[in-house]
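Enquirer: Sequence below, structure please.
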Amino acid sequence: MVTVARVVHRYLDVDGVRVFYRESVPERDDAPVLLLLHGFPSASHQFRRLIDALGARYRLIAPDYPGFGQTVVPEGFEYSFDRLADVVEGFVRGLGLTRFAMYVFDFGAPVGFRLAVRHPEWIAGLVVQNGNAYEEGLSAMARDFIWNAQEDQIRGLLTLESTRGQYVGGTADPESVAPEGWTLDQHYLDLPGRKEAQVALAYDYRSNVEQYDRWQTWMREHQPPALVTWGVNDLFFPEPGAHGYLRDLPDADLHLFETGHFALEEHLPEIAPLIATFLDKTW
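Expert: Below you'll find the model as predicted:
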């Protein structure tokens, strides 16, 4: 018999931000905890299938950042990666979490690594999926965008065509990627104020590159157990970014997949068991 996870959907107030999150209710009260940190231009819904697959055995918690998904921000909220990390830190405190593994994907890497540097005692392990922390993990296109993009170029990424391209680009079988992901992302991108939020975060992305050394130092000093899964056809974060983790975490378990940025969309059946094994071994 297949056990399907029970999932709850709630809001938590964090300093005036109403953080929406989805959380599985595992069968065991002492189940391992995995904090799922989503990427651009998505939100916690990108993890729905993973939560269904693993949520009966593990406590999976996926918040929406300010400017994404269902989370509601007060007027005048200033968007930066530091502020996203502030809110996620408050969210973790609000839930009373003191130890958890982190799944960091895309934007989830700069948010999660800021959290790890602030609170290394919280981090039981890292699951990294196309979440970059290395200079060599930036393609030439990514470097040019991060340091030179103008507002009209940034807004060009916020269209349905570009959003769809982030999902199917680099995949071996585009028909395996359900359209609900990119259409829901685009719905949220088109809400009032959301494009302005993304422009601000795009300009601030260089602050992440400037902190790579700090995050790498944290990994070398603390040696968290790590599982690295990577779609090697990612146009922004190519394969060398995956191998970079082995330099600082030589015991990390590395798995490469012939797919693009949203590797879970095409390879959930392979990645979910890797995560389950990792959590069982790490916890």
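Enquirer: CA only for contacts and neighbour counts going forward, please
Expert: Fine.
Enquirer: And the helices in the protein?
Expert: With helices called from DSSP state H, the chain shows them at 48-54, 81-95, 108-118, 140-148, 151-156, 160-168, 180-189, 194-204, 206-209, 212-222, 240-248, 263-282.
Enquirer: So L201 is in contact with F81, correct?
Expert: Yes: counting by CA atoms under 8 Å, L201 touches F81, with 6.9 Å between them.
Enquirer: Looking only at neighbour counts, state which of these two leads.
Expert: F81 (22 against 19; other CA atoms under 10 Å).
Enquirer: so how many other residues sit close to the nearest residue to the more buried one once chain neighbours are set aside?
Expert: Among residues not flanking F81 along the chain, V111 sits closest, at 6.4 Å (CA to CA, 6 or more residues apart in numbering). By other CA under 10 Å, 26 other residues sit near V111.
Enquirer: what do you get for A252?
Expert: For A252, the count of nearby residues is 19 (other CA under 10 Å).
Enquirer: you'd agree it is up against L246?
Expert: Yes: with contacts counted by CA under 8 Å, A252 reaches L246, the gap being 6.2 Å.
Enquirer: Sketch out the low-pLDDT regions of the stretch 101-250 of the chain for me.
Expert: The stretch 101-250 of the chain contains no residues with pLDDT under 70.
Enquirer: residues in contact with the closest residue to A124 other than its chain neighbours?
Expert: Nearest non-adjacent residue to A124, counting by CA to CA, 6+ apart: A101, 4.8 Å away. By CA atoms under 8 Å, 6 or more residues apart in numbering, A101 lies in contact with V33, L34, L35, I123, A124, G125, L126, V127, L279.
Enquirer: could you redo those residues as a markdown table and give each row distance to G241 and neighbour count?
Expert: Shown next, in a markdown table, are these (distance: CA to CA, whole Å; neighbours: other CA atoms under 10 Å):
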| residue | distance to G241 | neighbour count |
| --- | --- | --- |
| V33 | 26 | 23 |
| L34 | 23 | 25 |
| L35 | 22 | 23 |
| I123 | 21 | 21 |
| A124 | 22 | 20 |
| G125 | 18 | 21 |
| L126 | 15 | 27 |
| V127 | 14 | 25 |
| L279 | 23 | 24 |
